[in-house]
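Asker: predicted model and sequence below, questions to follow.
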Amino acid sequence: MQFMLLFSRQGKLRLQKWYVPLSDKEKKKITRELVQTVLARKPKMCSFLEWRDLKIVYKRYASLYFCCAIEDQDNELITLEIIHRYVELLDKYFGSVCELDIIFNFEKAYFILDEFLLGGEVQETSKKNVLKAIEQADLLQEKTENMYHSRSFIGCKKSILEY
Amino acid sequence: MLVPSLKVQDLIEEIRGAKTQAQEREVIQKECAHIRASFRDGDPLHRHRQLAKLLYVHMLGYPAHFGQMECLKLIASPRFTDKRVGYLGAMLLLDERQDAHLLITNSIKNDLSQGTQAVQGLALCTLSTMGSAEMCRDLATEVEKLLLQPSPYVRKKAVLTAVHMIRKVPELSTIFLPPCAQLLHERHHGILLGTITLIMELCERSPAALKHFRKVVPQLVQILRTLLTTGYSTEHSISGVSDPFLQVQILRLLRILGRNHEESSETMNDLLAQVATNTDTSRNAGNAVLFETVLTILDIRSAAGLRVLAVNILGRFLLNSDKNIRYVALTSLLRLVQSDHSAVQRHRPTVVECLQEPDTSLSRRALELSLALVNSSNVRAMTQELQGFLQSCPTDLRADCASGILLAAERYAPTKRWHIDTILRVLTTAGAHVRDDAVANLTQLIGGAQELHAYSVRRLYCALAEDISQQPLVQVAAWCIGEYGDLLLEGSCEEIEPLQVEEEEVLALLERVLQSHMSLPATRGYALTALMKLSTRLRGDNNRIRQVVSIYGSCLDVELQQRAVEYDTLFRKYDHMRAAILEKMPLVERGGPQVDEEAKESKEEARLLEAAPVPTEPQASKLLDLLDLLDGPSEDAQHPRPLDPSPGGALVHLLDLPCAPPPAAPIPNLKVFEREGLQLSLSFVRPPETPALLLITVTATNTSGGDVTHFICQAAVPKVCKGFGGGLGTPEEATE
């Protein structure tokens, strides 16, 4: 995988993970163009498109678009599974995850992603192991620092998985 | 008094509360100033919070480079919270383009060798995300040590970090190759997955490694087989498929190892058949594995039966209700169409159905595949389908579809008539989207099929009468009517319904084309020339044509004006030559742009001669006489070249010029004399019919203000040219 972007329906970036070295300017350009391209897609269209020399795999969960850029020899269908697994992990961690969770806890979103993918490749295929690792890291953090609160929106919260 | 700094989430809330972009910028600028100050002399305990805020602001697109050094400080701190945010910052703000990035190498080294598991994890993650080649070289041995660490948490990360290092510094393969054998015995899925990725990377970079790892094919087969037979496991299964991520990766490695290698391919044959038949395909996970299996089967030296199975699976994918699956099927079949043509042909009906997909990514693929599947036996049926598609397809696919049909027609046309019909239909349906050379191709085709002249001209006449807006069609029709107008008016043609056309109707139609605002200048040129040609083809008098021609003599378009003036001159002064000049064209050879240039150049000279900027009238005729003398047999002057030069015209004008290919390289024009405004230049042309003959045209141009008098032009020829006649040696005297 070359990069993964999360953005809202208004085109606001919520997470960007780059696995290839690019300048800030290039990243911004790519983000802008790709966001535009994906947002222009109609709802019933397939999840794959060709963009520049990359294959783009994207999926919308509620108000968030998850977008991955893979290389020619990568399997599009399994990339869809990767995206889905990541959403499941977020969902388990935040408890019915919604976009606001990811906005207000973006660092956590990154930490979770970093336990699932490494260098653009899948590092752990067990959901349980990923969540356990995050839990332990969080505990470590709490031990040393008591100022991090995870703001979860309790109440009638609908997970983005349920859309 | 120290103002307590905002918590991260409070800042986020404040930013989101901003009503306008300007307000947001204000909030952020204020906060960044705070953060900067805090970096300078704030409480180190809160540094991680400041950096986190900065990272959020960075994601919104604001500059954050002043946080780079803070990342370093935080990484170097012993506190876990600091390291966590520091490393995150490093991954977001630092990359190999910044000089600062090397500074974290030391911290990473320390963390790798002395840190807790969690800290080692952070370091490895950062290294594999933004590690530059230099960093990788420095830290390779540290990572190698971690490959043998007892904790699987660290080991799985170390393996993938090794993958990244090899991508950056291929020479490091020597360090990371040896541990692979042992790592393959791991039971931990994460480590196994990483190891397979590592082996893939090694094999792709070195043929020696590839050879080395072929030994493990049986072991890989075993691992995959175990996965398949293991029952459901909550930890690793997705929709009834055991660890599809691992399965897909193993299949990919098998593909690399089995490619072009009989023995390995044979070892994996049974397993691949097993996966292909037993995988649960009700959900995407199963289909992902099946897809990878198909790709592997088709890439290795698999048994013929297995290949057919694989193509059939793709065929089944085409019928799947899931769009994504149909998409990958179309893409894969497209890749196969060259190597397994007959197998893919079997699915042609399904592919053709996919043309109706509303999703353009799918219909585009279907179009490409359909075009690739056209062959001599199905060309009629396929063209029918594609024509239907052309009528309703989205605009961005039209050009490709049109040119695809034309190409297929050219390659596999069963008869000339079918070919002409097909091109005609494409021009009528999607005229605006065809390539420029379609016009040239069609006229070439028609010109060459003598038996179809009558048929073509009638069909084109009818098409033109219905619609004069499609430019390529109009151009071809105009040309055709001009050339074969006589066939249009006389008698019947068996292949088409009897058509009674009056001369006046034909002329009226061409005039309509000339006058229509939809006609491009090039089209008008065609129409005018066609009218001119009809003056020799039609039986009635030419008054109407002469009228039109003389009207256009004052047309604003320079090209048209020029033609009209020349045609007018042809009527008025050279009427005796008109019939010969406007004779039916010989078969146009489809030459390249070079040919076009040749013809254009010779036209250039002929034109200079006719619409001459020469000093005086008598001079013109004298020059003309000179030309006559130079020309051996007189019919060379009556060369059946229609007089429509197009010096700067598009290649489309190729049609108006008889482009016989130049037999020899052209001799460039020579300016032989220039003094006080009088220029003399020689141009050389070899008429194609008589290549032994060289026409030398002398052009005298007077660019001075006054008239030239007492002009004497003498040509001395060597004895070898004596046969040309005695008049050459005599000086001609100019008169006023």
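Answerer: Ah, there it is.

Asker: give me the element residue B:700 is part of.
Answerer: With elements delineated by DSSP states H and E, residue B:700 resides in strand B:695-702, which encompasses its position.

Asker: which parts of that strand are buried?
Answerer: For strand B:695-702, the neighbour count (16 or more other C-beta atoms under 10 Å in any protein chain shown) marks B:695, B:697, B:698, B:699, B:700, B:701, B:702 as buried. Any C-beta I mention is one placed from the backbone N, CA and C, and that applies to glycine too.

Asker: between the residues you listed, which is nearest residue B:39?
Answerer: Proximity of those to residue B:39 (C-beta to C-beta) peaks at residue B:701, which lies at 79.9 Å.

Asker: mind checking the SS state of the residue lying closest to that closest one once chain neighbours are set aside?
Answerer: Of all residues beyond its chain neighbours, the one nearest residue B:701 is residue B:679 (4.4 Å), with distances taken as C-beta to C-beta, 6 or more residues apart in numbering or on different chains. For residue B:679, the assignment made with DSSP: H, G, I helix; E, B strand; the rest coil gives strand.

Asker: count the neighbours of residue B:679 for me.
Answerer: By other C-beta atoms under 10 Å in any protein chain shown, the residues close to residue B:679 number 16.

Asker: ok, residue B:578 next?
Answerer: 17.

Asker: contact partners for it?
Answerer: Counting by C-beta atoms under 8 Å, 6 or more residues apart in numbering or on different chains, residue B:578 makes contact with B:535, B:536, B:570, B:571.

Asker: strands of the chain, start to end?
Answerer: Defaulting to chain A. Residue ranges of the strands in chain A, as given by DSSP state E, are A:3-8, A:13-18, A:48-51, A:54-61, A:64-70, A:117-118, A:121-122.

Asker: not quite, go with chain B.
Answerer: Taking DSSP E, the strands of chain B run over residues B:237-238, B:241-242, B:670-675, B:678-685, B:695-702.

Asker: dump the residue contacts of residue 62.
Answerer: No chain in the question, so chain A it is. Under the criterion of C-beta under 8 Å, 6+ apart, the contact list for residue A:62 reads A:98, A:99, A:158, A:160, A:163.

Asker: should've been chain B
Answerer: Residue B:62 neighbours (C-beta under 8 Å, 6+ apart): B:28, B:32.

Asker: dihedrals phi and psi, it?
Answerer: Taking degrees, to the nearest 10, you get phi -90, psi 150 for the backbone angles of residue B:62.

Asker: mean pLDDT and distance to residue B:399 for the strands of chain B - can I get that in a markdown table?
Answerer: Written out in a markdown table, the entries for those read as follows (pLDDT from 0 to 100; distance: least, C-beta to C-beta, whole Å):
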| stretch | mean pLDDT | distance to residue B:399 |
| --- | --- | --- |
| strand B:237-238 | 87 | 42 |
| strand B:241-242 | 90 | 42 |
| strand B:670-675 | 77 | 45 |
| strand B:678-685 | 79 | 39 |
| strand B:695-702 | 79 | 43 |
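
Asker: of the contacts of residue B:578, which is the nearest to residue B:551?
Answerer: Here the nearest of these to residue B:551, counting by C-beta to C-beta, is residue B:571; it sits at 13.1 Å.

Asker: ok, now which ones touch the residue lying closest to the closest one once chain neighbours are set aside?
Answerer: Distances taken as C-beta to C-beta, 6+ apart put residue B:546 closest to residue B:571, at 5.6 Å, once the chain neighbours are dropped. With contacts defined as C-beta under 8 Å, 6+ apart, residue B:546 is in contact with B:535, B:568, B:571.

Asker: tally of neighbours for the first one?
Answerer: The local packing count at residue B:535 equals 24, with neighbours defined by other C-beta under 10 Å.

Asker: my guess is it meets residue B:545, correct?
Answerer: Yes - under the criterion of C-beta atoms under 8 Å, residue B:535 is in contact with residue B:545, at a separation of 4.8 Å.

Asker: right, so the strands of chain A: which one is the most enclosed?
Answerer: With neighbours defined by mean count of other C-beta atoms under 10 Å in any protein chain shown, none of these is more surrounded on average than strand A:117-118, at a mean of 26.

Asker: and it with chain B, contact?
Answerer: Yes - Strand A:117-118 comes into contact with chain B (C-beta under 8 Å from any C-beta of the partner chain), by way of residue A:118.

Asker: got a list of contacts for that strand?
Answerer: A:1, A:4, A:17, A:82, A:86, A:123, B:124-125, B:128-129, B:157, B:160-161.

Asker: quick check: mean pLDDT across that strand?
Answerer: If you average the pLDDT over strand A:117-118, you get 96.

Asker: so who does residue B:47 touch?
Answerer: For residue B:47, the contacting residues are B:38, B:39, B:70, B:73, B:74, B:77, B:82, by C-beta under 8 Å, 6+ apart.

Asker: by neighbours, which of those residues wins?
Answerer: Highest neighbour count within these: residue B:74, with 26 neighbours (other C-beta under 10 Å).
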